[in-house]
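K.L.:
take this sequence and fold it.
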Amino acid sequence: MIRFNAIIEKFAKQGEKTGWTYVLIPAAIAEKLNPGKKTSFRVKGKLDEHSIEGIALMPMGEGDYILPLKADIRKAIHKKQGNTLSLQLELDSAKISVPEDLVICLEDEPKAKAFFYDKLPGSHRNYFIKWIDSAKTEATRSKRIAMAVNALSKGWHYGQMIRASQGKPLE
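P.N.:
Below is the predicted model of the structure:
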């Protein structure tokens, strides 16, 4: 477990990351967490006293990464931009399993199944899985599974599906 402090930052204008709240994970710390890795990877541990798991660190170039702080995490830690955060992190190598109800629906759509298992990187599969698993009601879960299978059958990634559902351009 690697322990360090970081200042909570927020992107002003940064493409798709505009407005994101995050902490910078310097290259030296990222290298200790997952030696030789240059792409996104997941960590677990604590932010102050708040436990986290399966949180993706995103590469920013030069070996540095960011740990995005979504609204639910910011609420839990009671901190905002400019505050100091105490981090305890380690590599999270736990695999996310595909929910049984999604597996059943993918069986009925061979094109979606092939795209999901054969074309999508594991991290992109996880976007779909976490989104489906975060549904609070069975009705929402069913709707999300239907949306996911429909998008996958079109060869869409998670972001494309979300943009299409919001009436935005796919790219």
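K.L.:
now K136: how far from G15?
P.N.:
31 Å (CB to CB, to the nearest Å). The way it works is simple: take the backbone N, C-alpha and C, and place the C-beta from them, glycine included.
K.L.:
ugh, wrong one, D133
P.N.:
Distance from D133 to G15, counting by CB to CB: 28 Å.
K.L.:
again, but for A164
P.N.:
Taking CB to CB as the measure, A164 falls 20 Å from G15.
K.L.:
more neighbours, these two?
P.N.:
Per other CB atoms under 10 Å, whichever of A164 and G15 has more neighbours is A164, with 16 against 6.
K.L.:
neighbours of the nearest residue to that one once chain neighbours are set aside, how many?
P.N.:
Nearest non-adjacent residue to A164, counting by CB to CB, 6 or more residues apart in numbering: L170, 6.0 Å away. Around L170 there are 11 other residues, counting by other CB under 10 Å.
K.L.:
three-state assignment of L170?
P.N.:
Local secondary structure at L170 is given as coil here, using DSSP: H, G, I helix; E, B strand; the rest coil.
K.L.:
in contact with it, which residues?
P.N.:
By CB atoms under 8 Å, 6 or more residues apart in numbering, the contact set of L170 is W156, Q160, R163, A164.
K.L.:
same question for T39.
P.N.:
Here T39 is in contact with P59 (criterion: CB under 8 Å, 6+ apart).
K.L.:
using the three-state scheme, assign it.
P.N.:
Quick answer, by three-state DSSP: T39 is coil.
K.L.:
so where is this protein shaky, pLDDT-wise?
P.N.:
14, 171 (pLDDT under 70).
K.L.:
domains of the chain?
P.N.:
Domains of the chain are assigned by automatic domain parsing as 2-91, 100-165.
K.L.:
in the protein, what residue sits furthest out from the centroid?
P.N.:
D108 (27.1 Å; CA atoms, centre = their mean).
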